[in-house]
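K.L.:
quick one, fold the following:
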Amino acid sequence: MKDADFIIVGAGSAGCVLANRLTEDPACRVVLIEAGGSDRSIFIQMPTALSIPMNMAKYNWAFESEPEPFLDNRRMHCPRGKVLGGSSSINGMVYVRGHARDFDEWEEHGASGWNYSGCLPYFQKAETWIGGGDNFRGGKGPLHTCNGNGMQNPLYHAFIEAGAQAGYPVTGDYNGQQQEGFGPMHMTVRNGVRESTANAYLRPVRKRPNLDVITQAMTRRVIMEGKRAVGVEIERGGKRSTIRASREVILSAGSIGSPALLQVSGIGPASTLKSAGVDVVHDLAGVGENLQDHLEVYFQFSCKQPITLNGKLDPFNKLLIGARWFFFKSGLGATNHFESCAFIRSKAGIEWPDIQYHFLPAAMRYDGQAAFDGHGFQVHVGPNKPKSRGRMHIKSPDARDKPKIIFNYLEDEADREGFRACIRLTREIIGQEAMAPYRNEEIQPGADILSDAEIDTWIRANGESAYHPSCTCKMGRDDDPMAVLDSECRVRGTEGLRVVDSSIFPTIPNGNLNAPTIMVAERAADLIIGRTPLPPADVNPWINPGHKSQQR
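P.N.:
Sure, this is the predicted structure:
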């Protein structure tokens, strides 16, 4: 194996970005290591097929939580991408940056320079928005974003109008100046094809002579000499080998994979390492702690009119959709179907939205199966700023052994209160006149679920992960004993070792995680190379002027 200046572990949402940006300097040699293989599959590239790779062992690490004590001891599925593009090759392609105040919150937690003014230029650098660049959106970046098929189904517009009738604002661009409100939703799709980071960032530079991409290679550990990372040990085709890095090892294996690799390499809480049979190289208490995720429920209604996707789930219609996409990259195959959405505040006194809606003109499960016979629609809804915290610990020195994960969803009473608000506010919104031509019976939770206790019981039995695990190697200030990284993504107390992926978030943003993960990698690339960060943006994000006294 060739040695390198930089080794990047994980060719996912962050790793592909880093590989592109670090190799812009032809003198910089990079090795990118991926445990999975090729992303050349119709199921990955066709947006509407998103539920297929998400449920295939070939492309998915398929982690699972321990029994969750506040979810009736259910084990929760935690899919993570094991393929070029990582989770950006198996996710729902929803493009949400988060609210401006989410990133100001990062800096308040000690991630200096990661406020909204510092992050916005990197969101813009990454993106080509179909509507063109402006003070908030990017117009010349590698990652193309759009609104899918332009909300052709009338249900998308009815949902937005219902929000307006309920007294909420309407926003033309929740990734722009104003997140709060109802409006069109954006996705990482380009000309009808999934815009993973493998497509947007890696494929255009794959043949650079200073980039080596190694697939089907399991990284077993980071090789440490004292407190300095000098390389990695990998296993490929049953054979082990080492690759050395003259400058740095960068972990971009995700919010489960990166802390697990640190721990099997002897970096983490001493008690966790010892119980797993790993010698302690560096006692770092926060590795694998602070785990955060979004929990959501599928709020479903039957539909009066036969206009939903439930009428397109039979084999013949799927064949027609697939054929049109294969030949023309258009039609229902060219969208993730989440084409309208909302971000609202659960109560007065909250400065920025803490509830998110994905609207879907179908009533179905994440595996793509119909939830019932007939036509229906649903909203995915949940509190987006959870207070509950979990953890991730390895169980043995073998990197192939899946770690012990517990999210502790709903441990904090504030999160349970948030879901009660979600249920009641959703009923009010769907009950507006704009939805009357379509709204029929409430499938779930069901009109008989009314009291706090009934709602709590239903949420415990039906809450599902939104698949946004994060924050397990958080950035933070020097005096924070749980901070794993400094503000330049360097692992505290070590040399030559960084982490760059969604695990570095101090707190989870208000939205899906792919967009902020790509932004993090864009900004981290400048920090790693030693380039001066882009100048901070001078903008004024919209904050609801009545937020102190009004819920809407």
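K.L.:
isn't Cys78 right up against Asn60?
P.N.:
No - the pair Cys78 / Asn60 is not scored as a contact, 9.6 Å apart, by C-beta atoms under 8 Å. The way it works is simple: take the backbone N, C-alpha and C, and place the C-beta from them, glycine included.
K.L.:
now do the helices in the stretch 1-150 of the chain.
P.N.:
Taking DSSP state H, counting those that start in this stretch as the criterion, the stretch 1-150 of the chain carries its helices at 15-22, 42-45, 100-108, 116-126.
K.L.:
deepest-packed of those, please.
P.N.:
helix 15-22 (a mean of 28; mean count of other C-beta atoms under 10 Å).
K.L.:
got a list of contacts for that one?
P.N.:
6, 8-9, 11, 28, 30, 32, 34, 84-86, 88, 126, 142, 196-198, 200-202, 204-205, 211, 213, 250, 252-253, 500-501, 518, 521-522, 524-526, 528-529 (C-beta atoms under 8 Å, 6 or more residues apart in numbering).
K.L.:
can you rerun that using 7 Å?
P.N.:
Helix 15-22 is contacted from outside by 6, 8, 28, 30, 32, 85-86, 197-198, 201-202, 205, 211, 250, 252, 500, 518, 521-522, 525, 528-529, using C-beta atoms under 7 Å, 6 or more residues apart in numbering.
K.L.:
which ones are touching Gly172?
P.N.:
Gly183.
K.L.:
tell me which helix or strand it sits in.
P.N.:
In the assignment (DSSP states H and E), Gly172 maps to no helix and no strand.
K.L.:
out of the contacts of helix 15-22, which end up buried?
P.N.:
Neighbour counting over the contacts of helix 15-22 (16 or more other C-beta atoms under 10 Å) leaves 6, 8, 28, 30, 32, 85-86, 197-198, 201-202, 205, 211, 250, 252, 500, 518, 521-522, 525, 528 as the buried ones.
K.L.:
just these: which are in strands?
P.N.:
The members of the buried ones among the contacts of helix 15-22 that map onto strands under DSSP state E are 6, 8, 30, 32, 211, 250.
K.L.:
redo those as JSON lines? Include pLDDT and distance to His380.
P.N.:
Shown next, in JSON lines, are these (pLDDT from 0 to 100; distance: C-beta to C-beta, whole Å):
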{"residue": "Phe6", "pLDDT": "98", "distance to His380": "38"}
{"residue": "Ile8", "pLDDT": "98", "distance to His380": "32"}
{"residue": "Val30", "pLDDT": "98", "distance to His380": "37"}
{"residue": "Leu32", "pLDDT": "98", "distance to His380": "33"}
{"residue": "Leu211", "pLDDT": "98", "distance to His380": "38"}
{"residue": "Ile250", "pLDDT": "99", "distance to His380": "33"}
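K.L.:
could you identify the most distant pair in these?
P.N.:
Using C-beta to C-beta, the pair of these lying farthest apart is Leu211 and Ile250, separated by 13.8 Å.
K.L.:
can you pull the contacts of Pro445?
P.N.:
Contact analysis of Pro445 by C-beta under 7 Å, 6+ apart lists 423, 458.
K.L.:
do that again at 10 Å, thanks
P.N.:
297-300, 423, 426-427, 454-455, 457-459, 461-462 (C-beta atoms under 10 Å, 6 or more residues apart in numbering).
K.L.:
could you name the helices and strands sitting against the host helix or strand of Phe301?
P.N.:
Taking DSSP H and E as the definition, Phe301 sits inside strand 295-303. Counting contacts by 3 or more C-beta pairs under 10 Å, 6 or more residues apart in numbering; DSSP states H and E, strand 295-303 packs against strand 355-360, strand 376-383, helix 413-430, strand 439-444, helix 452-462, strand 464-465.
K.L.:
and after it, which helix or strand comes next?
P.N.:
Using DSSP H and E, the helix or strand that follows strand 295-303 in sequence is helix 315-328.
K.L.:
how far off centre is that following helix?
P.N.:
28 Å (C-alpha atoms, centre = their mean, to the nearest Å).
K.L.:
for it, buried residues please.
P.N.:
318, 321-322, 324-325.
K.L.:
export these to JSON lines and append columns for pLDDT and distance to Asn175.
P.N.:
What follows is the buried residues of helix 315-328, written out as JSON lines (pLDDT from 0 to 100; distance: C-beta to C-beta, whole Å):
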{"residue": "Lys318", "pLDDT": "94", "distance to Asn175": "31"}
{"residue": "Ile321", "pLDDT": "97", "distance to Asn175": "28"}
{"residue": "Gly322", "pLDDT": "97", "distance to Asn175": "30"}
{"residue": "Arg324", "pLDDT": "97", "distance to Asn175": "29"}
{"residue": "Trp325", "pLDDT": "98", "distance to Asn175": "26"}
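K.L.:
so which of those comes closest to His99?
P.N.:
Minimum distance to His99 across the buried residues of helix 315-328 is 33.6 Å, recorded for Trp325 (C-beta to C-beta).
K.L.:
any idea how far the closest one lies from Ala158?
P.N.:
Here Trp325 is placed at a distance of 26 Å from Ala158 (C-beta to C-beta, to the nearest Å).
K.L.:
ok, the closest residue to Gly266 other than its chain neighbours - contacts?
P.N.:
Closest residue to Gly266 apart from its sequence neighbours, by C-beta to C-beta, 6 or more residues apart in numbering: Val281 at 3.2 Å. Val281 makes contact with 222, 224, 226-227, 229, 262, 265-268, 273, 493-494, according to C-beta under 10 Å, 6+ apart.
K.L.:
select from these every entry located in helices.
P.N.:
262, 273 (DSSP state H).
K.L.:
and the contacts of Val281, which are buried?
P.N.:
For the contacts of Val281, a burial check counting by 16+ other C-beta under 10 Å picks out 222, 224, 229, 262, 265-268, 273, 494.
K.L.:
now, which of those residues lie within strands?
P.N.:
Using DSSP E, the buried ones among the contacts of Val281 in strands are 222, 224, 229, 267-268.
K.L.:
would you mind giving those residues as JSON lines with distance to Ser258 added?
P.N.:
Output for these, formatted as JSON lines (distance: C-beta to C-beta, whole Å):
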{"residue": "Val222", "distance to Ser258": "10"}
{"residue": "Met224", "distance to Ser258": "15"}
{"residue": "Ala229", "distance to Ser258": "13"}
{"residue": "Ile267", "distance to Ser258": "11"}
{"residue": "Gly268", "distance to Ser258": "11"}
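K.L.:
which of those sit farthest apart?
P.N.:
It's Ala229 and Gly268 that sit farthest apart of these, by C-beta to C-beta, at 14.2 Å.
K.L.:
how about the helices and strands packed on strand 295-303 in a markdown table, adding mean pLDDT and distance to Lys347?
P.N.:
Converted to a markdown table, the helices and strands packed on strand 295-303 look like this (pLDDT from 0 to 100; distance: least, C-beta to C-beta, whole Å):
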| stretch | mean pLDDT | distance to Lys347 |
| --- | --- | --- |
| strand 355-360 | 98 | 10 |
| strand 376-383 | 97 | 11 |
| helix 413-430 | 98 | 7 |
| strand 439-444 | 96 | 23 |
| helix 452-462 | 98 | 15 |
| strand 464-465 | 96 | 24 |
